Structure formats: structure tokens, C-alpha cells
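Participant: Predicted model and sequence follow; I will ask about them next.
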Amino acid sequence: MKSLKRFFTRLFNSAAQRAQEERLREEIAEHIALQTAENLRAGLSPVEARRQAMLKFGGVESMKQDYRAERGLLFIENLLQDVRFALRRLRNSPGFTAVAILTLALGIGANAVVFSVLNALILRPLNVPDAESLYGIQHGNEASSYQSYPDYVDLRDRNRTFEDLAAYDAAQVGLDTGENSSRAWIILASGNYFDALKLQPHLGRFFHASDEHGSNSAPYIVLTHAYWHTRFQDDPGVVGRVVQLNKHPFTILGVAPPDFHGTLLFFNPAFFVPIVNQEQVEGVNDLNERGKRFVFMTLGHLKPGVTRAQAIADLNSIGSYLEKTYPKDDAQRTFTLARPSLYGDYLGQPVRAFMTALMLLAGLILLAACANLGGLFAARAADRSREIALRLALGAGRLRILRQLFTEAVLLSLMGGAVGLWGSVVLLHGLSVWQPFSKWPIHLSVNPDANVYAVALLLTLASGFLFGAVPVRQVLRTDPYEIVKSGSTARIGARITIRDLALAAQIAICAVLVTSSMVAVRGLIRSLHSNFGFEPHNALLIDTDLTMSDYRGDAVPTMQKRMIDSLERVPGVESVGLIDTAPLVAGGYIGSLVFTDEAADLRPSNSVAEAYVLSISPEYFHAAGTALLSGRTFTWHDDKDSPRVAVVNQEFARKTFGSPTNALGKYFKKKDGTRIQVVGLVEDGKYQSLTEDPQPAMFLPILQSPSSQTYLAVRSSREPGELLAAVRTSLRAVDAGLPLYIEPWNEELATALFGSRMAATSLGIMGAMGAMLSITGIFGLAAYSVSKRKRDLGIRMALGAQPREVLQAALGRAFKLLAFGSAAGLLLGILASRVLAFVVYQATPRDPLVLTGVVLIMALLGLLATWIPARRALSLDPLILLREE
Amino acid sequence: MLLLETQRTLPGTIDMKQKTDVLQGTLALMVLKTLDVLGPLHGYGIARRIEQISGDLLAVNQGTLYPVLLKLEQEGAIASDWGASENNRRARFYRLTKDGRKQLQVETKDWEQTAAIIGRFFEAKAEDLS
């Protein structure tokens, strides 16, 4: 109680400072007057009486300090005092303040952005109840999660470790609400999907396992909240409405909760449809095909108390049962568990690796910024050495002085942090609404949450203390006697100071950033110009699926032929080719096991290769610009009734027949036993990703291996953009209701290049930041050393030094540091780039262009940063200078 | 120079603080007792009185009295008003409050108890302790 009362009195006193001070002054005066009078009465002379009185009273100032400590809250008062003083100092050097805030804003902003993305991608759990026990099942031998539907059913029904197992696949459908028709991406989900994820509907109801009664038995739709909002304007009346999905009636059952859009973080489907209706959605029924792994992912919650290892063991025992029971379809079934949100380890691993690397780089940037500011701070503290010495001499504690320095540092870092955070929030909002692909519903909410703000604040304070700590040793070592006696001790030159080390470290870090960004950018440029096995320039790619207009059976190839014929009549079109899975554009490749002609036992372990299967029209190679090396391509006569033929790529020939040259005319077998004769040989290409090793591929005539999924490559002599309208009109004339995507082929490739493009962009930004930081760092040192050595330089000039010598004296040190720092950074950067090579395709640090580029850039930065200080050094007038000092 | 050397030879801060606290506690009790016995007094008067009775406790640093007076006033043990001094000038007069009187009683009792215990302890001989 007593202490509380004192606290409030003190708080009040802090406010009413002046009156208190006055009262104390008066009391002291009166005290001394009374004592003096007493002394006079004792017979002392007036002067001596007063002197004795004052001696008896003791140290007035230290008493006042105690008195103040007693009166108010010393800590808060001092803090306010320090803040006011720091603000005044910062206001007095606006240039320094601006550079410091900008530097910190860059460093902290970069960290906030990278951490926010890291947070959204990796740290934040999926938006479903009990996300920590939710796992996706992944194959043990490869980072993929595809299962066949019968295998999924076995896993679901035979496991003893999962509460329930759900499965889903992504698909594209045509949706006709009666008002208009459009394409939409959807999730084909097992009946138990929502129940396994423990979700409750926002509106209406979900579909359940009890709704499944065999193929096409559950024509139901559950909308995502976002799609309900954009397409149905939040109309609660949609529940129960019947819409046409691929021309089949489906009933809208309900709406999913607002923040749920499936379990893939970046994928935003429009609605959910039961997987048992696959035939109506995708045109094929694979529900009973054990060999066809079309289910994208199987996932579920572990039962309480079950460990990951137990679940994996359980799954593997089911795997060996499947191997034994279905040797023809299920070879080598082992499993592992992964987080479902980033497609297991397939994306999860590289994304985690890349984000960790990026976080490290961002950390380096902040460290460089701190080194930079630490140097500037040390310089400022050195400039203040006289002031500090005086304060020490007057009895200020060293701690008090340090606290004042730290107040200034933390104040600066808070300002920089605020600016940086503001910038990063703006950037992150932009990123969150950004949809990189027009075709796919892919975007990612990376808006900062409380975690991000906390980390930013922590980093801000930490960096404030970090760079604030650089001048500590300097202050602690200050000998006030020496400094007051001899004036400022500007001993520049001989010793290596902390400032020098900080700057060299900072330049090294910046060189690392510049090197890695150059490596990444070069890698990207090279991968853009590498050989894909087709020529995406001067070509359009049309993407459609005939299932969406309900073409079936023989109607599919007839329609495809009509589309090709119609396109060929468009003026400017050179050739039109059809392929069912466009390389690097379409996902969901189908692989087929390949056996030699002699093989009798067609079990998976006897196969010689697993090859991509691509169905094409006769003109495809010409339209795509794929080189036919020998043999022939197909004709429209290679149809169902003629002998089965294939064109293979070099890798296929190498794997199956030993060498590309003797493949022509040979036969091979597919898993179902069909014998196929090789009639042509084409160059290798990239099919699934840019980074893949050469993969075997077989091309089959579309009439012998029909597919409703249709990509049309249209090669023209004109700029492909000019053809867009004409191509669209010509296809509308064939079937006005067919949903289409038409884009220049190289733009379609953006997807395949997205990863390396993002990597190169982010690394490029980091590099630019590093460059900016090294400019401010070198500039700071150079400007400081020129201003410190003005007098020295003035004397040299007066004695006849040439401009070159003056420059050398003024800036030699900065350049030396720059050279050392850059060399160290380049070396480190080359080492670090080995890590980059995993992410950025064709990134190699041993690239003469990169090496010379980095050296040039660093030299240029050095020149740029020393330009103004150099000008200042040269324009010194020795006469004025010497007079001044 | 002199200043600097004193600073260098100062004992550790913790010791200093403890010493100050003890001094302050003792001084505070003396102030209360003085005001109790003599009625309202200004700072100088209190200092003189303590000096007369305690000898050299305040011989050098009379000033240290003022932070103690402030502390007591903030705690509500004493109150102060302006009045006229012997010089016929304005001086701050301190007087004991009701709370202060209570505090003095409690602390006097505490002090006497402590003193008695310590006294007995020092008087004790070896045979008494065995």
C-alpha cells in the first residue's frame, strides 16, 4: 500500500518537476544561510562562515541527484530525457538519420516479407481442426502421393492407425448455371472427405460416405466460400439448386466454411464433387483400375496416441499385402507420411529448402545493415569522444552514457523497423492477391499475422542492440583525462578498428548476395533458352477438354479432326498439331511401363523403362517444332484398324534397344501386352519439368490411343498474338459451347518456369539490397574518413600533394576494405551457390560472366559510393582549412 | 583529477546502496523522533538537533537529510508548510502526521526489541551459550 502510494506520488512528481526543483533550491539556500549565521555567531569571518557552511552541507549536486531519485521515477525520467536527447541528435544529422532508417527499413522489411512467406507456407498449420495430426500418405521411394482408387479403398479399410482416410484429386469441369457456362477447377473428393477433416458446413450440408453408391451415384456439389461469394453473390438460396456440370445435372448441397479451400495451400478450387462421379467429370471411370494411379492424395488424422512411425509400419504392412495380392499392378508399395499442405515432400522439400536459404540471406542482409550502422555509430561515437570525456569528467556513470547511446540506437531501429514493416505489409498484400497463372486457381495468402509482427519487433530490437553495441568498447575505454588534455584523438591509419572489420564483413555479405543473385539470374536466362524439345516461340497453344461438352467414344477423334481442319484454314497458320498432354504445360503425365519384345512375363520388375505416353496427331512434330531424326511421323491412316505404331525419343531408344540408331522397325510391348512397332525417332525434350533428366517418351497416334484432353499447337509465320481472335472465332464455329484457353505457347511455359523465375526474382531483389547496403556502407566510411582527415589532407595539399595522392590518402583505406570484402564475399558466394544449384536450374557459379560481373559490380559500387567524398576531398581549400583549425 | 580518482576508488554499487539504505533508515527514525519531541522544524533545525545528539553522523553531509525528508513526506509520515525562519525568511517547516506518529511508535518498538536482542547477545558469555 505504502509503496503504491509512493509510486503515484512519484509519478505525479515526475510531472511537477520544476516547482519541486525550485522548492529544494530554496530550502538549500535557507539551510546554508542559517548555518552561515550560526558560524558568524561563533566568530568566523563572513567568507569563512559561508565556506564552512557549504562544506558541512556536503555535495549539493549528488544530493540533488539522490533527491531527484527519491522524488520521481528516475528510470522513466532518464529514459524520456535520453529519448529527447537522441531525437535532437538525430534531427541535427538528417542525412545520417535518413540513411540509417532506410538501411534498417530494407533489412527488417526483407526479413518481414521472407518470414511472412515462410510462415504462410511452412509454419502456419492448415486451416482445419487438429492440423497437427493430419498427414498425407506419400510413396516411400519417391516424393509423390498418387494412388489408384482401389488401393486407396484398401488403405482406408485395412489401416488401424488413422481415424479415417480421405482422398482427393483435382480436375477441371465446365459448369453451366443456366445463366452462363465457364470452366472451373474442382476437387474430386471421397465421400468421407469433410468428415475426415472434421469440418462443419457454412451453409446447407456436406456429402458423406453414405452418399456413395457406386459410379456416378452422387451428383452433388459443395461450393467453397470464395466461389459462392464471387459466382453466386453469397446467395443462400443456392442450396438445393441444380446446375449442369459437363452437361450432367448436379445438386448444390452446401457451402464450405469461409477459410477452407481444400488441403493444398496454394490451390483454390471452386467446389467439391464426390470422386465416385469421376466418369461424369473426367470422362473416364478409373474407380476399378488398380493400375491407374489417378488419385492425387490420400490423407487423414492419426488416431490419438499413434506415432508417425507406427502409422508408417501399419501402412507398409498393407503395402506388402497389396504387393502379394496384386503383383501385376502393385509393385514395391512402401509408404511414408508427409504434411499435405505442400503436396507432401514433392513441393514441400524444395520450398522448405529455398525458403530456409532465403531466410538466411535475409538474415545476412539485416546483419550487413547492422554492420553498416554499427560502423556509422562507432564513427559518431568517436566524434563525440570529447563530449563523452567531459561528461565522464563531470561524474556521469559510464552505464548512463552507454544507455544514452543504446537509446539512440534502439530509437533508430524502431523507426527503421516501422518503415520496413509498413513496406512489407504493402508488398505482402500485393503478393496475396497476385494470381501468377491465369489458368490455374493458384494464389497464396501470405498476409502477415501476429507471428510476423512479433518477429519483426524482435529483429528490430535485436538489431538496435547489435549495432548499438559496436561503440561500447570505445566508450568504456575512453580516458577522459587524456582526451580533455590533448583534444580529439583522431588516430586514423595504423590500427585495424572494429569499424573496419564491420565494413569488411558487410561488404563480404553484400558480395555474397550479389554473387548468388547473379548466379540465379544467369541460370534463369540459360534455362529460358535451353532446348525443350519443342519450339514455344511463334506458336499458340489451345487447351481444352472435350469431356466438358460431353463428347464420348468416336465423337472425340471426329471432333478433334474437325477442330484441326478448321484451324488450318485460318490465314497465317502454318501447321496445327494435337497432343493430349502438352509438355511442360499440362500436369498429370501418364507413364507406361515398357517391355522388350522378347519379354514373356510382364510384371513390373521385368520392365526396361517407364516412359511418358503422349498421343499426337500427324502434324504435331511439325507444329511443335520437334525435330524428327529418322523414320516417319504418323498419318491419319494410323488408326484403330492398322498395326500399332509409335515414334519414340532418343532416351527411349537408348533404354529399350540399347542405342538410338537401331530402334527403327523394332517392336516393344506395353504392360497390357500390345506389341508396338517403332516407326520414327525424335529428339529428347523436357516433359514434366525443366530440371528433369532426359526421360524416355513414346508418341502414339491419337486414333490408336484416343484422349479427350486436347492441346492444339498452332504454328504460324505471324506474331501469335495477332492470331488469337481468328483462332477463337474459327473454334467457336465448330462448337460454341466448348470452354477454351488460348495463349501463346511461351506464355504457357510461365508455369514451368515459375519456380526458377520466383527464385531469380527474390534473389535478384536480395542482391540489389545487398548492393544498396554496400553503397551506404562504403559511402559512410569514405565520407567519415574524409571529414576526419580534412586537416591532414589540407596540409598535404598545401605541401603540394597531387590530386591522386590526396585521393589515395583519403580513400585508399575504403578501397582496400572494398577489395578484401569483395574477394571474401565472392568466394563465399561461390560456395553458397552450390546450394542454389538445387533450386535454380542450370545455376553454376563457375561462370566467367558471373565472376567478372560480380567484380565489376562491386568495383562500380565502390566508385559510386566514394564519388561524393572524393569530390569533397579534392575541393578542399587548404588555406581555409588550416585557418579554421 | 580528484573527482576521477574518487570515482575509481568507489566501492561496488551494491555495497553503496546498502550502506545508503541503512543510513537512510536510521536517519528517518531520528527525524521522526526529533519532530515528535520538538514539534515543527525546518531542515536546518532538524539537522542541528540530530548533530547535537548523534555527534558526527551529520557532521559532513547535512544535505543527505533532504532526500530522507522527501521520502518521509511521500510516505505520509510527515507534512510540510512554508513558514518564517529565525532569519525572518521563508523556510519549509516539517511536522509529524498521525501516520508518522504511529510509524514512530512501531519503529521505536521494533528498534528497542532489536537493540535488546542484540544487547543480550553481546552480553552473553561463553557458558550461557553452551
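Facilitator: Cool, the structure landed.

Participant: Counting neighbours, what do you get for the closest residue to residue A:391 other than its chain neighbours?
Facilitator: Leaving out its chain neighbours, the residue that sits closest to residue A:391 by CB to CB, 6 or more residues apart in numbering or on different chains is residue A:401, at 6.1 Å. C-betas here are computed from N, CA, C, even on glycine. Residue A:401 has 19 neighbours, counted by other CB atoms under 10 Å in any protein chain shown.

Participant: Now residue A:775: closest residue in space that isn't a chain neighbour?
Facilitator: Using CB to CB, 6+ apart, the closest residue to residue A:775 is residue A:865 (4.5 Å).

Participant: List the residues that contact the residue nearest to the spatial centre of chain B.
Facilitator: Geometric centre of chain B, nearest residue: residue B:27, 0.8 Å, by CA atoms, centre = their mean. Residues near residue B:27 by CB atoms under 8 Å, 6 or more residues apart in numbering or on different chains: B:50, B:57, B:64-65, B:68.

Participant: near chain A, from the residues you listed?
Facilitator: residue B:64 (CB under 8 Å from any CB of the partner chain).

Participant: Export the contacts of residue B:27 as CSV, with columns for neighbour count and pLDDT.
Facilitator: Output for the contacts of residue B:27, formatted as CSV (neighbours: other CB atoms under 10 Å in any protein chain shown; pLDDT from 0 to 100):
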residue, neighbour count, pLDDT
B:50, 20, 84
B:57, 15, 62
B:64, 22, 82
B:65, 23, 84
B:68, 22, 85
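
Participant: Could you check how far residue A:207 is from chain B?
Facilitator: Per CB to the nearest CB, to the nearest Å, residue A:207 is found 73 Å from chain B.

Participant: Doesn't that residue lie inside a strand?
Facilitator: No. Going by DSSP: H, G, I helix; E, B strand; the rest coil, the assignment for residue A:207 is coil, not a strand.

Participant: hang on, it packs against residue A:218?
Facilitator: Yes. Look at residue A:207 against residue A:218 with CB atoms under 8 Å: they come within range, at 6.0 Å.

Participant: Neighbour count: those two, which is higher?
Facilitator: residue A:207 (26 against 21).

Participant: List the contacts of that one.
Facilitator: Per CB under 8 Å, 6+ apart, neighbours of residue A:207: A:191, A:193-194, A:218, A:220, A:222, A:253, A:272, A:274.

Participant: give me that answer again for 6 Å
Facilitator: A:191, A:218, A:220, A:253, A:274 (CB atoms under 6 Å, 6 or more residues apart in numbering or on different chains).

Participant: mind listing what the last one touches?
Facilitator: Right, residue A:274. Per CB under 6 Å, 6+ apart, neighbours of residue A:274: A:191, A:207, A:218.

Participant: can we see that at 7 Å?
Facilitator: Taking CB atoms under 7 Å, 6 or more residues apart in numbering or on different chains, we find residue A:274 in contact with A:189, A:191, A:207, A:211-212, A:218, A:220.

Participant: Just the closest of those to chain B, please.
Facilitator: Taking CB to the nearest CB as the measure, chain B sits nearest to residue A:189 out of the contacts of residue A:274, at 68.7 Å.

Participant: quick one on the thing from earlier: shouldn't the residue nearest to residue A:775 be within a strand?
Facilitator: No. Counting by three-state DSSP, residue A:865 is not found in a strand; it is helix.

Participant: How about the residues of chain B by chain A?
Facilitator: Residues of chain B lying close to chain A by CB under 7 Å from any CB of the partner chain are B:3-4, B:7, B:43-44, B:60-64, B:66-67, B:70-71, B:74-76, B:85-87, B:89-92.

Participant: what residues does stretch A:470-477 touch?
Facilitator: Under CB under 7 Å, 6+ apart, the answer for stretch A:470-477 is A:374, A:377-378, A:381-382, A:388, A:398, A:401-402, A:405, A:498, A:502.

Participant: Next: stretch A:224-235.
Facilitator: A:202, A:238, A:255-258, A:261, A:268-271.

Participant: ditto for stretch A:658-672
Facilitator: Contacts for stretch A:658-672 (CB under 7 Å, 6+ apart): A:592-597, A:599, A:602, A:630-631, A:648, A:650, A:653-654, A:656-657, A:675-678, A:681.

Participant: Would you mind listing the buried residues in that stretch?
Facilitator: Within stretch A:658-672, the residues scored as buried using 16 or more other CB atoms under 10 Å in any protein chain shown are A:660, A:663-664, A:668-671.

Participant: Which residue ranges of chain B form strands?
Facilitator: Listed in chain order, the strands of chain B (DSSP state E) span B:41-42, B:78-84, B:90-96.

Participant: what bridges to residue A:245?
Facilitator: residue A:175, residue A:248 (DSSP bridges).

Participant: In contact with it, which residues?
Facilitator: A:173, A:175, A:280.

Participant: Could you give the average pLDDT over the helix or strand where the last one lies?
Facilitator: According to DSSP states H and E, residue A:280 maps onto helix A:278-282. Mean pLDDT, helix A:278-282: 86.

Participant: Not counting its own residues, what contacts whichever helix or strand comes after that helix?
Facilitator: Once helix A:278-282 ends, the next helix or strand along the chain (criterion: DSSP H and E) is strand A:297-301. By CB under 7 Å, 6+ apart, the surrounding residues in contact with strand A:297-301 are A:130, A:133-137, A:145, A:147, A:152, A:155, A:162-168, A:196, A:263, A:340.

Participant: for stretch A:804-816, same thing?
Facilitator: With contact meaning CB under 7 Å, 6+ apart, stretch A:804-816 is reached by A:778, A:781-782, A:785-786, A:789, A:793, A:796-797, A:862, A:866, A:869-870, A:873-874.

Participant: The same query, at a cut-off of 10 Å, please.
Facilitator: A:492-493, A:496, A:500, A:503-504, A:507, A:777-790, A:792-794, A:796-797, A:801-802, A:818, A:859, A:862-863, A:865-866, A:869-870, A:872-874, A:876 (CB atoms under 10 Å, 6 or more residues apart in numbering or on different chains).

Participant: And stretch A:307-321, by the same measure?
Facilitator: Applying CB under 10 Å, 6+ apart, the set of residues contacting stretch A:307-321 is A:133, A:135, A:137, A:139-140, A:151, A:154-162, A:165, A:298, A:300, A:302-303, A:306, A:330, A:332-338.

Participant: Out of those, name the ones that lie in helices.
Facilitator: Taking DSSP state H, the ones among the contacts of stretch A:307-321 that sit in helices are A:151, A:154-158.

Participant: before we move on, which element is residue A:19 in?
Facilitator: Assigned by DSSP H and E, residue A:19 falls in helix A:17-41.

Participant: Now find how far off-centre that helix is within its chain.
Facilitator: 69 Å (CA atoms, centre = their mean, to the nearest Å).

Participant: quick one: residue A:630 from chain B, how far?
Facilitator: 92 Å.

Participant: cool, and residue A:153?
Facilitator: From residue A:153 to chain B the distance is 74 Å (CB to the nearest CB).

Participant: One more: residue A:780?
Facilitator: Distance from residue A:780 to chain B, by CB to the nearest CB: 34 Å.

Participant: correct me, but that residue touches residue A:93?
Facilitator: No. Counting by CB atoms under 10 Å, residue A:780 does not reach residue A:93; the two are 11.8 Å apart.

Participant: Touching both of the two, which residues are there?
Facilitator: Common neighbours of residue A:780 and residue A:93 (CB under 10 Å, 6+ apart) are A:99-100.
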